[in-house]
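> Quick one: sequence plus predicted model below, questions after.
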Amino acid sequence: MKSLRSEIAAITLLSITMVSSLIMWFSINVYEELYHELVSDELSSLSQNLADDLLPVINESPGAFSVTRILLRFDQYENVEFAKVFDANDKLVNAYMGKAVLDASDPSDISLADEALLDMDFGRHMQDGFIYFVKRIGDPDYPQGKLIVSYMVAQALAGSQSKLLASVVPFTAVLLLVTVIFVLELQRRSLRPLYVLINKMRGIEVSKDYDIAVEVRGKKEIVDLTQGFNSMMSDIARQVEMNKQKNALLIRQQEQMEELANFDSLTGLPNRQFLMKCLSIEMARAKRENRELALMFLDLDGFKLVNDSFGHDVGDKLLCHVADQASDCLRKGDVLGRLGGDEFIIMLSANPLIVHIKEVAQRLVDKLAQPHHIEQWKLDTGVSIGIALATDCRYDLTKLVANADIAMYRSKQAGRGQYTLFTQAMQDDNRRMMFIATSIMQAIDNDEFTLFYQPKVGLDGQIKGFEALLRWYNKELGFVSPGEFIPIAEQSDKVSAITEWVASRVCRDLPEILATFGQDVHVSLNLSACDLANSRVTEFIINRIQNLGMPTTALEFEITESAYLESFQAGNVFFEQVRNLGCKIALDDFGTGYSSLSYLTEFYIDTLKIDKQFVSQIGSSRRSELITITIIEMARQLNLTVCAEGVETSAQSDFLTLQGCDLQQGFLYGRPEPLRTLLTNHLTHSTIAS
Ligand code: C2E
Ligand code: CA
Ligand code: CA
């Protein structure tokens, strides 16, 4: 790109050259005019002088030397072409030829012929680069002849001009050169502040430091420019500073948003979304490197109980405490995150060995089994862990998490507070569980459920009541035990529909049972923990009882100790209501759960059911016998009815009768049967007896 400096220099040079050329041209013109004037005046007076001098000698004989001598005075004028003297009759008297004519190749070749010369008037004539002077010799009244002089003015001028140029041009050139140098230097000085500005700007381009001021000096325009530049720079610096602050704010906000989006606000651990992102990256990497990746699924045991009993504040603190303790058990690089609720995920860093995974899992189980001190409370919650390996699910993230979840449920089922490593068999079981879970609602609609009743016998050997037990036959699954489908229904929130169905069926069957077995018998039905917490179910049951239209003292609800504890407050509300309606409550499977005796005073219960695990060991385990004796004795002290379940042998029956157990239930007295069978059998029995 052409620089401003070179452009100004070019313009300056051009201007100087033009101006000097004009001056030269003008000078030469003036010189030409002056020259003409000078030469004319000088030659005119010389010619006049000579004409005067010729008067005395003109009439001498032609070719007389005196005329020639006078004419020779023209010799000192280099550019005189000729001088001719004519007498009064226009006859050539004498002629002088100048040097130029004599030196020419044809000396007779002159600018004008005599006739043309003689036609000219007296005076001065300019023609084709020649000046002709026509002078009269003698008095105008008595003219004696003419002197005609021709001067080669053009040639003379050309010679003079070249002399002039030869002397002027070198001087002018030097002057021009000096002027140009001077102008360029001047220009350099004037433009220097501009270059300082340019350099500063280039520096800023690199350094991005806009907080810069350039010294204000130079000519007005440069000063204006510099001031403008400085104020622009300070504006930019201010803007840059503001932008920096805004950017910092944006970055902070973005970080906060990322924090909110990716981290759990309670524990500060990565949340589900972020965990899944990390996991999918890690899975892809592990797959590429063909190495193992282990995932642990943690679920706190009894967290709901803590939340319900101690409030959400304590629950939240427990979660944070657990998060801290769990991360203490991990190594740098292991990832711990919260899936939600009381569920956590751990991804173990690079290529874990099974031994190591198990070690970590055991460490977590042990550590989290320790009592947690939250506020003034000492909370006993543990953790159930499921472990899954990436190679087992061909690096499919969704499957990996699902497998770990399945394994975790195994830990729960196996009694909580432990870890389980996922196996393929579990997945098959899980598929069955899923199938069961999705078939339950259909089973109700298709009438696949039936209610069986198992008798409970008193000390006198008479039937005192029945326990309603659910049976399910499905075309694809065959007979499914309630021991299998009830827990699945509980986990998939479908148990309430079952309970409602059972309650309706019991209420429907009750009048017939009472009519057949006497008004004193009772019918018990089983409830799940979720039923107590579900007001829709409890209202449904109460509504059914109220619509029975008969004494409701015949109804009993069986609930396990752990289920009662799980929905303690809601349970108490419900049981108080149904007790007011005359119903009874039995604590099922007593001896297998927490069995904290202090609860017994807080529960609304009428009956303790001794679990069949103790009954089945009567005769073989003294310990079980002692527990059975103790439970019966305690029930008596607390004024509770006691019922032993799973009585299969006469020995067990005798032992229980001896201890004064109020009721016995078991295969010895009858298996659970459909109502029709029970009624028919009873009818047959009564007929035979009578
Ligand atoms: P549970 O309440 O402890 O019921 C007693 C279980 O012991 C029944 O198993 C019964 O058939 C079985 N049993 C009775 N006598 C004997 C015996 O002499 N020996 C042996 N080995 N077992 C005996 P079932 O019917 O398979 O029920 C299993 C569990 O399923 C029940 O345990 C109960 O917790 C649950 N369940 C059954 N029906 C319902 C229901 O309608 N609702 C709810 N929520 N749970 C139910
Ligand atoms: Ca029961
Ligand atoms: Ca039981």
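Right, received. Where do you want to start? Ligands and ions are numbered 1, 2, ... in the order given.

> How is Leu587 assigned, secondary-structure-wise?
strand (DSSP: H, G, I helix; E, B strand; the rest coil).

> Could you pull up the contacting residues of it?
Glu558, Ile559, Thr560, Glu561, Tyr564, Leu600, Phe603, Ile605, Thr607, Leu608, Lys609 (Cβ atoms under 8 Å, 6 or more residues apart in numbering). For glycine as for every other residue, the C-beta is placed from the backbone atoms N, C-alpha and C.

> Restricted to helices, list the residues you listed.
Glu561, Tyr564, Leu600 (DSSP state H).

> Go through the residues you listed and name the one nearest Ile251.
Closest approach to Ile251 among the ones in helices among the contacts of Leu587 (Cβ to Cβ): Tyr564, at 53.9 Å.

> rewinding a little: so which of the contacts of Leu587 sits lowest on pLDDT?
The member of the contacts of Leu587 with the lowest pLDDT is Leu600, and it reads 81.

> Next up, phi/psi of the residue in the stretch 401-550 of the chain that ligand 2 sits nearest to, please.
Here the stretch 401-550 of the chain gets closest to ligand 2 at one residue, Asn526, 4.6 Å apart by Cβ to the ion. Dihedral pair for Asn526: phi -90, psi 140, per degrees, to the nearest 10.

> With Gly138 instead?
According to degrees, to the nearest 10, Gly138 has phi 100, psi -180.

> try the one 10 residues further on
Backbone geometry at Ile148, expressed as degrees, to the nearest 10, gives phi -120, psi 120.

> Tell me which residues touch the residue of the stretch 401-550 of the chain closest to ligand 2, please.
Contact analysis of Asn526 by Cβ under 8 Å, 6+ apart lists Glu467, Ala468, Leu469, Ile486, Val502, Phe557, Glu558, Ile559, Asp588.

> Ser3 now?
If you count contacts by Cβ under 8 Å, 6+ apart, then Ser3 has nothing around it.

> how many neighbours does the nearest residue to Arg536 once chain neighbours are set aside have?
Spatial nearest neighbour of Arg536, excluding adjacent residues (Cβ to Cβ, 6 or more residues apart in numbering): Ser496 at 6.9 Å. As a burial measure, Ser496 scores 19 neighbours (other Cβ atoms under 10 Å).

> surely Ser496 meets Asp531?
Yes. Contact status for Ser496 versus Asp531: in contact at 6.0 Å, counting by Cβ atoms under 8 Å.

> Can you check which residues contact both of the two?
With Cβ under 8 Å, 6+ apart as the test, Ser496 and Asp531 both reach Val537.

> before we move on, back to that, pull out the buried residues from the contacts of Leu587.
Buried by 16 or more other Cβ atoms under 10 Å: Glu558, Ile559, Thr560, Glu561, Tyr564, Leu600, Phe603, Ile605, Thr607, Leu608, Lys609, out of those.

> how far away is the nearest residue to the second one once chain neighbours are set aside from Glu490?
The one in question is Ile559. Distance criterion Cβ to Cβ, 6+ apart; nearest residue to Ile559, sequence neighbours excluded, is Leu527 at 4.9 Å. With the distance defined as Cβ to Cβ, to the nearest Å, Leu527 ends up 11 Å from Glu490.

> neighbour-wise, which of the two wins?
Legend: neighbour count by other Cβ under 10 Å for Leu527 and Glu490, higher for Leu527 (27 against 17).

> right, and the more buried one touches Glu558 too?
Yes. With contact defined as Cβ under 8 Å, Leu527 reaches Glu558; the gap is 6.8 Å.

> In the stretch 351-500 of the chain, what residue lies closest to ligand 3?
Across the stretch 351-500 of the chain, no residue is closer to ligand 3 than Glu467, which sits at 8.1 Å (Cβ to the ion).

> Packing partners of the helix or strand containing that residue?
Applying DSSP states H and E as the criterion places Glu467 in strand 463-474. If contacts are counted by 3 or more Cβ pairs under 8 Å, 6 or more residues apart in numbering; DSSP states H and E, strand 463-474 sits against helix 424-445, strand 449-458, strand 478-480, helix 482-491, helix 495-517, strand 522-526, strand 663-665.

> Which positions in the helix or strand hosting Ser280 come out as buried?
Per DSSP H and E, Ser280 falls inside helix 272-288. Buried residues in helix 272-288, counted by 16+ other Cβ under 10 Å: Arg272, Phe274, Leu275, Met276, Cys278, Leu279, Glu282, Met283, Ala286.

> Low-confidence stretches in the protein?
Within the chain, the ranges that satisfy pLDDT under 70 run 1, 62-63, 594-596.

> ok, now how distant is Asp392 from Lys494?
Computed as Cβ to Cβ, the Asp392 to Lys494 distance reads 29 Å.

> of these two, who's got more company?
Between Asp392 and Lys494, Lys494 has the larger neighbour count (other Cβ under 10 Å), namely 22 against 17.

> so can I have JSON lines of the buried residues of helix 272-288 showing distance to ligand 3?
Shown next, in JSON lines, are these (distance: Cβ to the ion, whole Å):
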{"residue": "Arg272", "distance to ligand 3": "38"}
{"residue": "Phe274", "distance to ligand 3": "45"}
{"residue": "Leu275", "distance to ligand 3": "40"}
{"residue": "Met276", "distance to ligand 3": "42"}
{"residue": "Cys278", "distance to ligand 3": "45"}
{"residue": "Leu279", "distance to ligand 3": "42"}
{"residue": "Glu282", "distance to ligand 3": "46"}
{"residue": "Met283", "distance to ligand 3": "45"}
{"residue": "Ala286", "distance to ligand 3": "47"}
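
> correct me, but the residue of the stretch 351-500 of the chain closest to ligand 3 touches Ser524?
Yes. With contact defined as Cβ under 8 Å, Glu467 reaches Ser524; the gap is 4.9 Å.

> Looking at those two, which is more packed in?
Higher neighbour count among Glu467 and Ser524: Ser524, with 28 against 23, using other Cβ under 10 Å.

> For that one, which residues are in contact?
By Cβ under 8 Å, 6+ apart, the residues touching Ser524 are Lys456, Gly465, Phe466, Glu467, Ala468, Leu555, Glu556, Phe557, Glu558, Lys584, Ala586.

> ok, those vs Val30, which is closest?
Set against Val30, the nearest of those by Cβ to Cβ is Phe557 (138.9 Å).

> beta partners of that closest one?
Beta bridges link Phe557 to Leu525, Ile585 when assigned by DSSP bridges.

> Over to Gly386?
Phe297, Thr420.

> Could you report the distance from it to Leu368?
Distance, Gly386 to Leu368, by Cβ to Cβ: 14 Å.

> Among these two, which residue is more densely surrounded?
Ranked by neighbour count (other Cβ under 10 Å), Gly386 and Leu368 place Gly386 first, with 27 against 22.

> That one contacts Tyr409, doesn't it?
Yes. The pair Gly386 / Tyr409 is scored as a contact, 7.0 Å apart, by Cβ under 8 Å.

> residues from the protein in reach of ligand 3?
Proximity of the chain to ligand 3, by Cβ under 5 Å from the ion, involves residues Asp588, Asp589, Glu645.

> Looking at neighbours, which among those residues is most surrounded?
Greatest neighbour count in these, by other Cβ under 10 Å, goes to Asp588: 25 neighbours.

> and it, what does it touch?
Residues near Asp588 by Cβ under 8 Å, 6+ apart: Asn526, Glu558, Ile559, Thr560, Glu561, Lys609.

> Look up the closest residue to Phe435, ignoring the ones flanking it.
Sequence neighbours aside, Leu477 is the residue nearest to Phe435 in space, at 7.1 Å (criterion: Cβ to Cβ, 6+ apart).
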